[in-house]
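Q: The following comprises the amino acid sequence and a computationally predicted model.
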Amino acid sequence: MGMLITGIGELVTCDDTLDGADHSESLGILRDAAVIVGRDPETNESSVQWVGLAAKAPAADWAIELGGHAVLPGFVDSHSHLVFAGDRSAEFAARMTGQSYDGGGIATTVAATRAASDDQLRTLLRARADEMRSQGTTTVEIKSGYGLTVHDETRMLRLASEITTEVTYLGGHVVPPGTASGERSAYVDLVTREMLAAALPYAKWIDVFCEPASPHAFDAEESRQILSAGVAAGLGVRVHGNQLAPGPGVQLAVEFGAASVDHCTYLSSSDVDALVGAQETTVATLLPGVEFSTRSPFADARALLDAGVSVALATDCNPGTCYSTSMPFVIALAVREMGMTPAQAVRAATLNAAKALRRNDIGVVRVGSRADLAVLDAPSYLHLPYRPGVPIAKALEV
Ligand SMILES: [Zn+2]
């Protein structure tokens, strides 16, 4: 058998069915635990082969001893925009002195990204993905959306597919800078036809920035056209909704059976009702790093959880509204600013984030799941929000 990981002081499994685990916080916690991981010779994928108390662990080919540290499922960052060039630190500084965000700064990133070579973008992308892994993230979703031409969107998606299978076509991010108001529908046509066709070899998902409050983003009818075309082409649906103001994003996501609607900062009671009704299908993914970096009100996670909505957490790593790759930072914000318990935040960053990608092989530690684990330089998951800004989490290399 494969490798025995022992000396796990606290193992967070997120497995609600694990015998003998502490299920009081819905994290399926085992203490003094061990895990055996092994590689499937056919797929070359590592998976979990055994989970239990260290005292009962079977023999393995070799072992590592973690000295009482906590282990949990590797974080699933289900919303990122990692392929881009340039930065917008000046825009951030201006915002901190009172300027508001309306999505217009995306044009800066579009220009820099179009001007960068594939190799330049690849180097930047890999550095960001490595940065994520060094903080415990083992799966990342990556969107296009800074190309906005057939050529540049395809390039972004191809580069993203070198890093992850969770690739999202976001030609409907913003209307390209300089587009006249009478030409918006021509851009939507491009997004739903030629650009979509070029995206299909790489993309698993389609997404749209549905935000009528922004002149740069898309209204309900434009968003519906874009999502319909993606569904017809076989893509799964994700939506950027209700970030800047109340709007149609959540209702549209539920209407389309989206895997996730992301942001959910401004929700009406009927939006919450719709998410409760869709809790088996559509996850509300909250992105508190955005509210932090744009100095906006935080989403009301407490109300969503109390109502019974499935809630996930992600970074939204992007150069405009949250240039952070850190899921531990997001967990700390969710606990401090959005009323989530530490356990709820960890579950939202693992199991529920996997659900937001329609995956059941990640975000959980159980026999058969991928051997995607994070280890903390700490005895308990509680240290994630308790020690903000301290690099205690990393992906466990197995
Ligand atoms: Zn986003």
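A: Arrived safely.
Q: So for the particular helix or strand that has residue 169 in it, mean pLDDT?
A: Taking DSSP states H and E as the criterion, residue 169 maps to strand 167-172. What strand 167-172 shows for mean pLDDT is 98.
Q: what's the angle from the very next helix or strand once past that strand to strand 167-172?
A: The helix or strand immediately downstream of strand 167-172 is helix 184-192, counting by DSSP H and E. Relative orientation of helix 184-192 versus strand 167-172 (axes from the mean of the first three to the mean of the last three CA atoms, to 10 degrees): 170 degrees.
Q: Please put the alpha-carbon coordinates of helix 184-192 into PDB.
A: Output of helix 184-192 as PDB, limited to C-alpha atoms (Å, rounded to 0.1, in the frame of the first residue of the first chain):
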ATOM      1  CA  ARG A 184     -23.100  46.200 -27.400                       C
ATOM      2  CA  SER A 185     -25.400  43.600 -29.100                       C
ATOM      3  CA  ALA A 186     -22.700  42.900 -31.800                       C
ATOM      4  CA  TYR A 187     -20.300  42.100 -28.900                       C
ATOM      5  CA  VAL A 188     -22.800  39.800 -27.300                       C
ATOM      6  CA  ASP A 189     -23.300  38.100 -30.700                       C
ATOM      7  CA  LEU A 190     -19.500  37.600 -30.900                       C
ATOM      8  CA  VAL A 191     -19.400  36.100 -27.300                       C
ATOM      9  CA  THR A 192     -22.300  33.700 -28.100                       C
END
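Q: Give the next helix or strand downstream of that helix.
A: Note on helix 184-192: by DSSP H and E, the next helix or strand toward the C-terminus is helix 194-199.
Q: from the chain's centre, how far out does that next one sit?
A: On the basis of CA atoms, centre = their mean, to the nearest Å, the separation between the geometric centre of helix 194-199 and that of its chain is 23 Å.
Q: Okay, now the unreliable bits of the chain?
A: Regions of the chain meeting the criterion pLDDT under 70 cover residues 1, 103-104.
Q: center of it - which residue?
A: Nearest residue to the geometric centre of the chain (CA atoms, centre = their mean): residue 78, 1.9 Å.
Q: relative to its centroid, which residue of this protein is most remote?
A: Farthest-from-centroid check, the chain (CA atoms, centre = their mean): residue 59, 36.3 Å.
Q: Surely that residue is in a strand?
A: No: looking at residue 59 with DSSP: H, G, I helix; E, B strand; the rest coil, it is coil, so not inside a strand.
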